[in-house]
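Asks: need coordinates for the below:
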Amino acid sequence: MTGPEDTTPRMIPAALLIHQEGVIALIALVGVWLRDDGFATAFAARTGLAESILAGAAAGLVCFGLLWLVRGVGPLHDLEAWQRQMVAGWSAGDALAVAIFSGFAEEALIRALLQPLIGLVPAAAVFAVLHLVPDRRLWMWPLVALLLGVTIGWVFGRWGYPAAAATHVVINGLSLARFRTMARS
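Replies: Next up is the predicted model:
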């Protein structure tokens, strides 16, 4: 029997996360719809669309590479172990769907809706809060999310929403694929 003190990592159904991201996307879309500048401004590329997506994908690769380099640092090692357990039963399709939905939805909320209203650092702080988990051993996740939030916020400011979403999708996609592979070995 488990109690409130049980901190054993558990697999989280991908469908639950996809549902959560759908709620986040709905909130973002309603919020953007209520703003005066609307969808075209909020979700626009600041450069050409292809350049925006490529810049975002490149930023995502750099962020993933940096995360991979520091993966053995104590608290990050614990976080990775928890994340591996979280995705242990996921299919490749589950991981891909979560990466895409989380990238598009969270960037719609944080970057397209909030960042223009409250600024880069406060929006990154909200992003960090979205990554809080009820396990003190995982205190590093919101800190990593804050740093990534500032980075993705800068990408958004430079190249627009498509770049921010691409950055997020690449980071999550590569990370989830890595965690799935590790969980199976």
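
Asks: show me the contacts for Trp139.
Replies: Trp139 sits next to Pro75 when contact means Cβ atoms under 8 Å, 6 or more residues apart in numbering. To be clear about C-beta, it is placed using only N, CA and C from the backbone, and glycine gets the same treatment.

Asks: which helices and strands sit right next to the lowest-mean-pLDDT helix or strand in the chain?
Replies: When each helix and strand of the chain is scored by mean pLDDT, DSSP states H and E, helix 74-86 comes last, with a mean of 87. Helices and strands touching helix 74-86, by 3 or more Cβ pairs under 8 Å, 6 or more residues apart in numbering; DSSP states H and E, are helix 140-159, helix 161-184.

Asks: check these for me and report the most buried one.
Replies: Most buried of those by mean neighbour count (mean count of other Cβ atoms under 10 Å) is helix 161-184; its value is a mean of 22.

Asks: for that one, the averaged confidence score.
Replies: Averaged across helix 161-184, the pLDDT comes to 94.

Asks: show me the shaky parts of this structure.
Replies: Counting by pLDDT under 70, the chain shows low-confidence ranges at 1-10.

Asks: what do you get if the cut-off is 90, keeping everything else the same?
Replies: Residue ranges of the chain with pLDDT under 90: 1-13, 36-38, 71-86, 88-89, 132-140, 180-185.
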